[in-house]
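Participant: Need a 3D model of the following:
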Amino acid sequence: MATTIVHATLTVDGFLADQDGGVDWMFGRPSAPEDDAVVEKVLERIGAVVGGANRTQTIEDGEIPYGGMLKVPVYLMTHTAHEPIERDGVTYTFVVDDIAQAVEEAKRAAGDGWVSLLGGSISRQCLQLGLVDELHLDVAPVLLGQGISLFAGLGRHIELERLETSAYASETHHRYRVLRSST
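Facilitator: Numbering: from 1, shown residues only. Here you go, the predicted structure:
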């Protein structure tokens, strides 16, 4: 069965992007081979992706998950039905207003791999619904002061178990299991 993960690079103050959605702060830092190995290990396990879309604009504007490095099925949340799109060896399936359905379809497609949830809103919705198994957070050594938060507005307490932490030249890498409450 697939493992559903939130996979994100964020700032020390918890932002995914600046106020305008920019992520230039992610690039240009010295890196070590160990940093690349951590990210590569995650990418090798991802079997499907769930993200958000503004109709087909996400694809048309080149906002392709993982920059097109992954050739896995992508499920995009939308408010308007649209036929699947095949581009560069990737099938983009549009799911209307049902994040649980999108995650379930992605889990079937991923098999024993990981389903990567991309974006703050998608991640928060899935955490609120109890659909997330693990968090994989790569933290860059920068403070933005303001921007698009990964967890702001989550609105609930969630306990985590640390599975793995590493730090090299450019980032610290954190992997946590989401603990399910017994109530």
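
Participant: okay but Val96 is in contact with Ala81, surely?
Facilitator: Yes - assessed by CB atoms under 8 Å, Val96 is found in contact with Ala81 at 5.3 Å. Quick note: C-beta positions are derived from backbone N, CA and C, even for glycine.

Participant: Next SSE downstream of the helix or strand of the chain with the lowest mean pLDDT?
Facilitator: Lowest on mean pLDDT, DSSP states H and E among the helices and strands of the chain sits helix 57-60, with a mean of 60. Per DSSP states H and E, the first helix or strand lying C-terminal to helix 57-60 is strand 74-78.

Participant: Could you list the paired strands of that next one along with their orientation?
Facilitator: strand 46-52 (parallel), strand 90-96 (parallel) (DSSP bridges).

Participant: got CSV for those strands, with mean pLDDT, distance to Ser123 and mean neighbour count too?
Facilitator: Listed next are those as CSV, based on pLDDT from 0 to 100; distance: least, CB to CB, whole Å; neighbours: other CB atoms under 10 Å:
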stretch, mean pLDDT, distance to Ser123, mean neighbour count
strand 46-52, 93, 9, 23
strand 90-96, 91, 16, 18
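
Participant: Show me which parts of stretch 78-94 are buried, residue by residue.
Facilitator: Neighbour counts using 16 or more other CB atoms under 10 Å place 78, 90, 92-94 of stretch 78-94 among the buried residues.

Participant: Repeat that for stretch 148-155.
Facilitator: Neighbour-count burial for stretch 148-155 [16+ other CB under 10 Å]: 148-151.

Participant: Thought His79 was touching Val95, still the case?
Facilitator: No - using CB under 8 Å, Val95 is not in contact with His79, being 10.5 Å away.

Participant: any shared contact partners between the two?
Facilitator: Residues touching both Val95 and His79 (CB atoms under 8 Å, 6 or more residues apart in numbering): none.

Participant: which residues of the protein fall in strands?
Facilitator: Remark: strands assigned in the chain by DSSP state E are 3-11, 15-17, 46-52, 74-78, 85-87, 90-96, 114-117, 134-140, 148-149, 160-167, 172-178.

Participant: Need the residues that contact the first one.
Facilitator: I take that to be strand 3-11. 16, 23, 25-26, 42, 46, 103, 106-107, 113-118, 123, 126-127, 131-140, 142-144, 147, 150, 171.

Participant: Now with 6 Å, please.
Facilitator: Applying CB atoms under 6 Å, 6 or more residues apart in numbering, the set of residues contacting strand 3-11 from outside is 16, 26, 103, 114-117, 123, 131-138, 140, 142, 144, 150.

Participant: How far does it sit from its chain's centre?
Facilitator: When distances are taken as CA atoms, centre = their mean, to the nearest Å, strand 3-11 is centred 4 Å away from the chain's centroid.

Participant: Many thanks, have a good one.
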